[in-house]
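Visitor: Predicted coordinates and the sequence they were generated for:
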Amino acid sequence: MTEGKVVGVVANLIFIKSEDAVTQNEICLVHSEGKELKGEVIRIKDDIAYAQLFESSQTIKMGSKVVFTGQMLEVELGPGILSKRYDGLQNDLTKMGGLFIDMGEATAPLDEDVLFSFKPLVKENDIVQPGDWLGSVQENWIDHKIMVPINFKGVFKVKSVAKHDDYKISDTMAVLIADNGEEHILTMKQKWPVKLAMKGFKNKMRPYKILQTGLRVMDTFNPIAEGGTGYIPGPFGTGKTVLQQAIAKNSEADIVIIVACGERANEVVEIFTEFPELKDPVTGRKLDEKITIICNTSNMPVAAREASVYVGMTLGEYYRNMGLKVLILADSTSRWAQALREMSNRMEELPGPDAFPVELPATIANFYSRAGLVELNNGQRGSLTFIGTVSPAGGNFKEPVTESTSKVARCFYALSQKRADAKRYPAIDSLASYSKYMDYPEFIANSDATIQKDWAQLVSKTKDLVRNGIEARDQINILGDDAVPISYHISFWISELIDFGLIQQDSFDDVDMNTPLKRQQYMLNKVMDIVNTAFDFSSFEEVSVFFKKLINLIKQMNYSEFESKEFKSHEEQLKAILSEEKRTEKTELTEI
């Protein structure tokens, strides 16, 4: 191994004079007070290597010994990842003693002593390639596939495979023979560099199917696709963290990976304590069984914050190669970008806008591109969906991180301070937000086949009604209630009906917190039936009273179990009110 010595320290940036060649992104170990502090080489100039330290540099002295490992920052992959709490270097936080993480402390990411029941999926003399499934074990309720290591190259012949029995993750599961006759002994474990996109699949496909989150403002109005990307910007207090937690709780994903990359410790503690007690609405089992949390709070070193997002993405890619639906939630990618800015400034690089690195847009684009829908070697499909939150200073969506993210993410969920102040949650502005997947022909075709014909057009029409209602409200506020036609009041109250009945959702109600797509379809059509009903009002007061009754009943339906007696009772009351108010001629809604 190459060795060197420390010749300079600037915060967690260290300068190392090396005795031999080193490589970009190589991991180095700095010896300090009997401990090995991990760092990553981020620049090489002549015989000086610049390394970002994943620990505090307070104990490092000039001349401290440094050993270069010859490896990149890697994660260990295998059964036992689910339900874990890792830091940004994949140390198991639950195995650490005390309330604080000691410098240089490291713990094994996987449990070596746990037995897993292995079922072979190949037989002797089968031909396999990287990413192919050799067998499976039960990890919680997930069928965890044991794969040919992704970093292998070429094709291999199976010399032997373990029989159906219980094994530890370090036991031999298979022996493969390469074309050159070399034998490879495989266990349940493998490693992968976190900053390289994982392979092991046949090809990537365009996302075409809705990933159900249980949130109507997302699934109905601005859906994200399985294998898609989205981001949630919003100023302080608009509910970014709560929204992400709601998505994690209610989504239909098989695996959820939560990356806390720079959030406050109290928000992370809430996730740690709350999630183990929750039930997964899809499977009915403990939600914690399908979740892995990667935690680097705002007071941790910036290098560890940066590493955490890559570790989360790599774990997601690994499970995607098992044919699973993976959802990664990162909170917040602004902290990750700020970590990049701090290191760039310490290296005295030429700054870009707001002192962020010039290459920030490319870095964000490369990271988001690792999400996607893939076809595996065996023809099955797996997906990795990524949603990141962005914390723009002062709610400024023009700042570099938000702008760079908007160019690559296909879904935009704009959190509105105005809606948050009005206690209209989720505070997503359905009109300012968008989903570019709604324009994909494959997505439209799938929606027509699985939801209903012309679903995208129906959603677009609903948005137009909301937009007309907002414009009508502005005219009413300017001119007064009596100075505008009654059709303006109808337009306004229709938009309120859509807002209260479809967009707003109660995350603290056991029923309303999670709305399946079938129910969303039913309620949207119910609301649109009301919109298409012929009304003839004599005054704007009559309009207000009538629609308030409808809004109350729609909300009561949202709080009732779908198609239950209570639900149908409210629906019958709704029909009765509509029958009383129906007229022979429909009042035309004015385009504002």
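Guide: Cool, the structure landed. Residues are numbered from 1 along each chain as shown.

Visitor: rest of the way, CA atoms for contacts and neighbours
Guide: Fine.

Visitor: the bottom helix or strand of this protein by mean pLDDT?
Guide: Ranked by mean pLDDT, DSSP states H and E, the weakest helix or strand in the chain is helix 265-274, scoring a mean of 76.

Visitor: and it, which residues are buried?
Guide: V268 (16 or more other C-alpha atoms under 10 Å).

Visitor: and what of stretch 62-82?
Guide: By 16+ other C-alpha under 10 Å, the buried positions in stretch 62-82 come out as 64-68, 72-82.

Visitor: still on that earlier bit, C-terminal to the least confident helix or strand of the chain, what's the next element?
Guide: Proceeding N to C from helix 265-274, the next assigned helix or strand is strand 291-296, under DSSP states H and E.

Visitor: I'd like to check what contacts that next one. Which residues are they?
Guide: Under the contact criterion C-alpha atoms under 8 Å, 6 or more residues apart in numbering, strand 291-296 has outside partners 81-88, 90, 255-263, 268, 304-305, 308, 312.

Visitor: In the helix or strand that comes right after that strand, which residues are buried?
Guide: Next helix or strand after strand 291-296 toward the C-terminus (DSSP H and E): helix 302-320. Residues of helix 302-320 classed as buried by neighbour count (16+ other C-alpha under 10 Å): 302-320.

Visitor: Give the other helices and strands that helix 302-320 contacts.
Guide: Helix 302-320 is packed against strand 74-77, strand 255-261, strand 291-296, strand 325-331, helix 333-346, strand 381-390, with contacts defined by 3 or more C-alpha pairs under 8 Å, 6 or more residues apart in numbering; DSSP states H and E.

Visitor: Redo the ones you listed as TSV? Include mean pLDDT.
Guide: What follows is the helices and strands packed on helix 302-320, written out as TSV (pLDDT from 0 to 100):
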stretch	mean pLDDT
strand 74-77	97
strand 255-261	93
strand 291-296	91
strand 325-331	95
helix 333-346	90
strand 381-390	96
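
Visitor: Between these, which one is closest to T2.
Guide: Proximity to T2 (C-alpha to C-alpha) singles out strand 74-77 among the helices and strands packed on helix 302-320, at 18.8 Å.

Visitor: which residues sit in contact with F500?
Guide: I551, K555.

Visitor: May I have the phi/psi pair for it?
Guide: For F500, the backbone dihedrals (degrees, to the nearest 10) come out as phi -70, psi -30.

Visitor: Start at 63, not 1
Guide: All right, first residue 63 from here; so that's F562.

Visitor: what's the distance between it and Y475?
Guide: 18 Å (C-alpha to C-alpha, to the nearest Å).

Visitor: So what's the gap between the least confident helix or strand of the chain and the chain middle?
Guide: 17 Å (C-alpha atoms, centre = their mean, to the nearest Å).

Visitor: do stretch 371-384 as well
Guide: 11 Å.

Visitor: and it, average pLDDT?
Guide: Per-residue pLDDT values over stretch 371-384 give a mean of 97.

Visitor: ditto for stretch 512-523
Guide: On average, stretch 512-523 scores 96.

Visitor: try stretch 153-173
Guide: Mean per-residue pLDDT for stretch 153-173: 86.

Visitor: how about that stretch as PDB, C-alpha atoms only?
Guide: Presented in PDB, the C-alpha positions along stretch 153-173 are these (Å, rounded to 0.1, in the frame of the first residue of the first chain):
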ATOM      1  CA  ASN A 153     -21.500   2.100  10.000                       C
ATOM      2  CA  ASP A 154     -24.300   0.500  11.900                       C
ATOM      3  CA  LEU A 155     -25.300   3.100  14.400                       C
ATOM      4  CA  THR A 156     -27.200   0.700  16.700                       C
ATOM      5  CA  LYS A 157     -23.900  -1.200  17.400                       C
ATOM      6  CA  MET A 158     -22.100   2.000  18.600                       C
ATOM      7  CA  GLY A 159     -21.800   2.500  22.300                       C
ATOM      8  CA  GLY A 160     -22.700   5.700  24.100                       C
ATOM      9  CA  LEU A 161     -24.700   8.700  23.000                       C
ATOM     10  CA  PHE A 162     -22.000  10.100  20.600                       C
ATOM     11  CA  ILE A 163     -20.000   8.700  17.800                       C
ATOM     12  CA  ASP A 164     -16.300   8.500  18.800                       C
ATOM     13  CA  MET A 165     -13.600   9.500  16.300                       C
ATOM     14  CA  GLY A 166     -12.400   6.600  14.200                       C
ATOM     15  CA  GLU A 167     -15.200   4.300  15.400                       C
ATOM     16  CA  ALA A 168     -16.500   1.900  12.900                       C
ATOM     17  CA  THR A 169     -19.000  -1.000  13.000                       C
ATOM     18  CA  ALA A 170     -19.800  -3.800  10.600                       C
ATOM     19  CA  PRO A 171     -22.700  -3.000   8.300                       C
ATOM     20  CA  LEU A 172     -23.900  -6.600   8.200                       C
ATOM     21  CA  ASP A 173     -24.500  -9.200  10.900                       C
END
